[in-house]
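Student: Sequence and predicted structure below; questions after.
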Amino acid sequence: MTDITAHGLRVRYGAHTRRRYLMLLVVTLCLLVSFIVDVATGPGGYSIATVTQVLADPYSHGARLKVIVWDYRLPVALTAVIVGGLLATAGAQMQTILNNPLAEPFTLGVSSAASFGASLAIVLGFSVIPAVGGLIVTLNAFVFALATCGFILLATRLKGVGSETMILFGIAIFFTFNALLALMQYMASEDQISRIVFWMMGSLGRASWEKIGLGALLLAVALPFGLMRTWAMTALRMGEATAESMGVDVARLRVEMLISISLMAATAVAFVGTVGFIGLVGPHIARLLVGEDQRFFLPLSTLIGALVLSLTSIISKSITPGVIYPIGIITALIGVPVFISIILSTRREKLS
Amino acid sequence: MTLEMRNISAGYGRHVVLRDITIPDIAAGDFVGVIGPNASGKSTMFKTLAGLLRPKGGSIHLDDTDLADLRRRDRARAVAYMPQAYGCNAILTVFESVLLALKQTTGWRVQDDNLDRVSETLAALRLSHLSERGISDLSGGQAQMVAVAQTMVRSPRVVLLDEPTSALDLHHQLSILGSVRDEMRRRGTIVMAALHDLNLAAQFCDRLVLINSGEILADGTPAEVLALPEIGKTYGVVTSLETTRRGSLFVDATLEARA
């Protein structure tokens, strides 16, 4: 056991911190590359150089390319980045607050609640908020997702609800809404069924500049909101009693974070439909890379979530040329192995 | 600096745990052992002192300040409480976990001075070699040492340790209580520690408070308190206080009186 001087400890921590900033930088660059490749990928076979030029100067290669890049591909690529970021940020904070690495909008049933909300609008034309016109499907999905988050918030405050119980709650919510969804489908016409099914698969094709603006705004508010509370959130990872003893107002922190989480999760799901496991994969990879000092963990989760969904968007276009597969299918295929690996690794640590 | 508990009553809901507790005149640098059987009210007393539990009556004063007047964060800065040890699965290094304890009461940005304080605290508790280890990989004893470091790093005026030695082997029990006592005496910090081992209490404490069923039964030097017949009655054993050849106190306890 060699004795290390106090100065040596500081130097080592400094090196640690620099590595973490470097990690943030590297992932940001990866995201940028992935984003450009995403815009460049698709029917037509334009080169990355051409697409980059059109991004810099819309009319440099004529009006046709301007429309393809700016009106079709860019909104999809941006939606992937923003929704990925929203889902992973929400997932990272949910996991911290509920002390459960399996918590995310999809596993807690928020996505299925949103699907039911959407189907209610598609089949019955029933709107939770009256007179919204064309936004009815999106808004219904949003309201149901938000209500489910609120329910989870209340459930965590019940006595004796541990983190395992939370996931069981999630499963209960999941099955409840799936049953209701099946009921909707039973009542629906063939055309309506296909709309519901397509909505549930999750697609970036519903992108619009308004949604992108709203999502970006939300992320721009929620991320600093979370970052301001990173020390308290990190303390929460030491256990509730310890965090309280350090002066953290745990009850208030929970409520504040759950409001922010609910808005992010509900917005993301309402925009693109069921896109599972991004909220799981982002934080999981971030945790492996930088640990759980939330100053690094939170922004890195956001970046990795954005990166993963952006990459998924590329994959969804590349499997069969000319066909864009619904992104929800692909994220599920990528997410499930990660999900299983988390279960296997946490079983050892005996979560409770 | 003096700490004083005046007529404190506290409990959970209708269940009263502490009944009119008064502990006067705890002076700077004092190491006060709180002894008493399980469920006697030791943890409740610490939670009340730390401000996590609002007393139903009475007040706690640090010099002229009524602790109830302090805001949560200021109170956590003045009084550092280490709860009984629980496991934790966070992916944080020892250094990070001690730093986060300090950062709760300082600004968001990590300053050089913060890093110095963490490094010095780890060195004082001989934890430097564990600095980069993950806290979930520590042994129970090491985790407890880190928890002590988390309270010390804040340079509080009062440190409350709830069973700091429960997961430690004999060597570490002696070393941690020794380091805490020396460091805190040097800084003039008040330490109150709930201890189960009466012999450890006798060895390290300047003063012992015996508590049972939420009432103070005795308050004095270890030699005074441990000699009282109440000790045996409280724990349901028969004790006699002896002095070893080295001159330290030793509590000899058996379940029943020897024939």
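Tutor: Yep, it's here. Just so it is clear, the model here is predicted, and its values are computed rather than measured.
Student: Residue 83 - how many residues pack around it?
Tutor: Since no chain was named, I'll use chain A. 32 (other Cβ atoms under 10 Å in any protein chain shown). The way it works is simple: take the backbone N, C-alpha and C, and place the C-beta from them, glycine included.
Student: My question was about chain B, not that one.
Tutor: Neighbours around B:Pro83, by other Cβ under 10 Å: 23.
Student: Now do the phi/psi pair for it.
Tutor: phi -70, psi 170 (degrees, to the nearest 10).
Student: residues in contact with it?
Tutor: A:Ala241, A:Thr242, A:Ser245, B:Ser43, B:Asp162 (Cβ atoms under 8 Å, 6 or more residues apart in numbering or on different chains).
Student: Likewise for B:Leu100?
Tutor: Counting by Cβ under 8 Å, 6+ apart, B:Leu100 has contacts A:Trp231, A:Thr234, A:Ala235, A:Met238, A:Met246, A:Asp293, B:Leu92.
Student: Residues of chain A that sit close to chain B?
Tutor: With Cβ under 8 Å from any Cβ of the partner chain as the criterion, chain A comes near chain B at residues A:1-10, A:12-14, A:16-17, A:228, A:230-232, A:234-235, A:237-239, A:241-242, A:244-249, A:287, A:291-293, A:346, A:349, A:351.
Student: Okay, and which of the residues you listed map to helices?
Tutor: A:6-10, A:12-14, A:16-17, A:228, A:230-232, A:234-235, A:241-242, A:244-245, A:287, A:346, A:349 (DSSP state H).
Student: Any idea how many residues pack against the closest residue to A:Met238 other than its chain neighbours?
Tutor: Nearest-residue entry for A:Met238: B:Cys88, 5.5 Å, with adjacent residues in sequence omitted and distances by Cβ to Cβ, 6 or more residues apart in numbering or on different chains. B:Cys88 has 18 neighbours, counted by other Cβ under 10 Å.
Student: farthest-separated two in the contacts of B:Leu100?
Tutor: A:Met246 and A:Asp293 (15.1 Å; Cβ to Cβ).
Student: In terms of neighbours, single out the busier of the two.
Tutor: A:Met246 (27 against 24).
Student: now the helices: where do they sit in the stretch 1-150 of chain B?
Tutor: Assigned by DSSP state H, counting those that start in this stretch, the stretch 1-150 of chain B shows helices spanning B:42-50, B:72-78, B:94-103, B:112-124, B:140-152.
Student: what about the first one, distance to the chain center?
Tutor: Spelled out, it's helix B:42-50. 10 Å (Cα atoms, centre = their mean, to the nearest Å).
Student: Summarise which helices and strands it is packed against.
Tutor: strand B:2-12, strand B:15-27, strand B:31-35, strand B:79-82, strand B:158-162, strand B:190-194 (3 or more Cβ pairs under 8 Å, 6 or more residues apart in numbering or on different chains; DSSP states H and E).
Student: what does the last one give?
Tutor: Using 3+ Cβ pairs under 8 Å, 6+ apart as the contact definition, the elements that helix B:140-152 packs against are strand B:79-82, helix B:94-103, helix B:112-124, strand B:158-162, helix B:170-187.
Student: Select, out of those, the one closest to A:Ala207.
Tutor: Nearest of the helices and strands packed on helix B:140-152 (Cβ to Cβ): helix B:94-103, 39.1 Å.
Student: That closest one to helix B:140-152, inter-axis angle?
Tutor: Counting by axes from the mean of the first three to the mean of the last three Cα atoms, to 10 degrees, helix B:94-103 lies at 30 degrees to helix B:140-152.
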